[in-house]
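Colleague: Quick one: sequence and predicted model below, then my questions.
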Amino acid sequence: MPITPATAVSRSSDDSPEAVILLELVDEDGNTIGTAEKLSAHQAPGRLHRAFSVFLFDERGRLLLQQRALGKYHSPGVWSNTCCGHPYPGEAPFAAAARRTFEELGVSPALLGEAGTVRYNHPDPASGLVEQEYNHLFVGLVRDPLRPDPEEVGDTVFVTPAELAERHEAGPFSAWFMTVLDAARPAIRELTGDSTGW
């Protein structure tokens, strides 16, 4: 798994349903086939689009989780992986992952590496929105203090596998969380070592 230093430049973002943000539509092989407005791409039955999910760990091998801010129109208040989102049309997923991590958490990953892709279809019962995503996975390390954007992030916590299991049982977590975590596990084990239990 190639791991490289990651840097990002902050750009403003807007997760309100009124924002006109375009997503990159893809086919089942991840080839770009067009664009769609963000909210319409998530309305049932959903349109397959490119996304990314980031899993960052501290030097003790604990996973950084974030609780999505209550003001977000999609999956507000639930716990999820370190960061997730969508590249702008034409933007490389790696660049988008580094950019969005900085925008949401105020920190750039110390290391960030590709961890494969996963395709899924997850309806969100609470909102009625649908995640039809071709998701690029990234794992890495975070060493600097977090400075979360309160409009994006309600809370953060570093967890061991056992602590994650307890939190996941208590819920609520994003509909996509276990799918992306399970798909990223081989790269996570390579990064953190088998002794951490991931």
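Modeller: Structure received.

Colleague: Grab the most central residue of the protein for me.
Modeller: Taking Cα atoms, centre = their mean, the centroid of the chain lies closest to residue 84, which sits 1.9 Å from it.

Colleague: got the contact list for that one?
Modeller: Taking Cβ atoms under 8 Å, 6 or more residues apart in numbering, we find residue 84 in contact with 51, 52, 53, 54, 100, 135, 174, 176, 180. (C-beta placed from N, C-alpha, C; glycine too.)

Colleague: how does it look with 10 Å?
Modeller: Residue 84 is in contact with 51-55, 66, 68, 75, 97, 100-101, 104, 131, 133, 135, 137, 174, 176-177, 180, counting by Cβ atoms under 10 Å, 6 or more residues apart in numbering.

Colleague: Residue 105 is in contact with residue 56, isn't it?
Modeller: Yes. With contact defined as Cβ atoms under 10 Å, residue 105 counts as touching residue 56 (8.4 Å).

Colleague: Spit out the residues that contact those two alike.
Modeller: Overlap of the contact sets of residue 105 and residue 56 (by Cβ under 10 Å, 6+ apart) consists of 64, 66, 82, 83, 142, 146.

Colleague: Adding neighbour count and pLDDT, write those residues out as JSON lines.
Modeller: JSON lines is the format used below for the shared contacts of residue 105 and residue 56 (neighbours: other Cβ atoms under 10 Å; pLDDT from 0 to 100):
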{"residue": "64", "neighbour count": "24", "pLDDT": "98"}
{"residue": "66", "neighbour count": "26", "pLDDT": "98"}
{"residue": "82", "neighbour count": "24", "pLDDT": "98"}
{"residue": "83", "neighbour count": "25", "pLDDT": "98"}
{"residue": "142", "neighbour count": "23", "pLDDT": "97"}
{"residue": "146", "neighbour count": "15", "pLDDT": "98"}
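
Colleague: Now flag whichever of those is closest to residue 185.
Modeller: residue 82 (14.8 Å; Cβ to Cβ).

Colleague: one step back: now do the SS call for the residue nearest to the centre of the chain.
Modeller: Secondary structure for residue 84, judged by DSSP: H, G, I helix; E, B strand; the rest coil, is strand.

Colleague: cool, and residue 59?
Modeller: Applying three-state DSSP: residue 59 is coil.

Colleague: Neighbours of it, how many?
Modeller: Around residue 59 there are 10 other residues, counting by other Cβ atoms under 10 Å.

Colleague: Against residue 141, how distant is it?
Modeller: Taking Cβ to Cβ, to the nearest Å as the measure, residue 59 falls 7 Å from residue 141.

Colleague: anything in contact with each of the two?
Modeller: 110, 192.

Colleague: Can you tell me, leaving aside adjacent residues, what's nearest to residue 198?
Modeller: In this structure, residue 198 finds its nearest non-sequential neighbour in residue 188, 4.6 Å apart by Cβ to Cβ, 6 or more residues apart in numbering.

Colleague: Fine by me, thanks again.
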